[in-house]
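> Sequence and predicted structure, then a few things I'm wondering about:
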Amino acid sequence: MTTQNQETASNQKVPSFIKNAGDVTPPPSEGAGGRLFWFLACAAADIPENGGGCVKYGDKQIAVFNFTRRGEWYATDNMCPHRMQMALSRGMIGTQGDEPKVACPFHKKTFSLETGACLNGDDYQIKTYPVKVEDGLVYISLPQPPPKEGAFELAK
Ligand code: FES
């Protein structure tokens, strides 16, 4: 798919065909922690195969992973809790046993992409988020809508 990028107010580039990034689609279910909302985050083509990308709204950054080898997508906090680095989207993904994981590029702490637990035995935890891909677009589910002025933008 060919896309032209457009500049946003914050000079982040987002694909031009994403006109409504951050728009809320009908919530899919009532989750254990309350109602879930799906947000258009980016185009699937923006996330490299067997790699990650970062989407953000406001101060929050979410790492999105296209785990092609497993045929699965994952979304987690982008911030590594070890030294508070916004780095996990640039981490190497792999599998430990049957557990999909990401390794922080700084000091190689690894986290489960399913539960967010630190797999090194350290007492760190990251959040994970439901993610789905429909018609070439990636949606992330959050427990509440982000403020409209902070709609998702693809971080480059
Ligand atoms: S900052 Fe991620 S492992 Fe140290």
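Looks like it arrived, so ask away.
> neighbours of Tyr74, just the number please.
Residues within reach of Tyr74, counting by other Cβ atoms under 10 Å, total 23. In short, each C-beta sits where N, CA and C put it, glycine included.
> Going forward, the N-terminal residue is numbered 437.
I'll keep to 437 as the first residue from here, and by that count the last item is Tyr510.
> Quick check: pLDDT value at it.
On the pLDDT scale, Tyr510 is placed at 97.
> isn't there a helix covering Ala481?
Yes: the assignment for Ala481 (DSSP: H, G, I helix; E, B strand; the rest coil) places it in a helix.
> what about Phe475, helix or strand, and which?
strand 473-479 (DSSP states H and E).
> Strand partners (parallel or antiparallel) of that strand?
Sheet pairing of strand 473-479 (DSSP bridges) gives strand 460-461 (antiparallel), strand 573-578 (antiparallel).
> Pick out the shakiest of these, pLDDT-wise.
Across these, the lowest-scoring stretch is strand 460-461, with a mean of 42.
> Save the strands paired with strand 473-479 as JSON lines, and put in mean neighbour count and distance to Thr546 too.
As requested, the strands paired with strand 473-479 are exported to JSON lines (neighbours: other Cβ atoms under 10 Å; distance: least, Cβ to Cβ, whole Å):
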{"stretch": "strand 460-461", "mean neighbour count": "14", "distance to Thr546": "32"}
{"stretch": "strand 573-578", "mean neighbour count": "20", "distance to Thr546": "22"}
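> out of these, which comes closest to Val567?
Among those, strand 573-578 comes nearest to Val567, with 5.2 Å by Cβ to Cβ.
> From Ala511, how far out is the closest residue to Gly527 other than its chain neighbours?
Leaving aside its chain neighbours, Gly527 sits nearest to Val538 (4.3 Å; criterion: Cβ to Cβ, 6 or more residues apart in numbering). Going from Val538 to Ala511 by Cβ to Cβ, to the nearest Å gives 11 Å.
> coming back round to it: please work out the average pLDDT along the strand holding Phe475.
85.
> and that strand, C-alpha only, in PDB?
Output of strand 473-479 as PDB, limited to C-alpha atoms (Å, rounded to 0.1, in the frame of the first residue of the first chain):
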ATOM      1  CA  PHE A 473     -12.900   1.200  23.700                       C
ATOM      2  CA  TRP A 474     -11.100   0.600  20.500                       C
ATOM      3  CA  PHE A 475      -8.900   3.300  19.000                       C
ATOM      4  CA  LEU A 476      -7.500   3.500  15.500                       C
ATOM      5  CA  ALA A 477      -3.800   3.600  16.200                       C
ATOM      6  CA  CYS A 478      -2.000   3.300  12.800                       C
ATOM      7  CA  ALA A 479      -1.800   1.400   9.600                       C
END
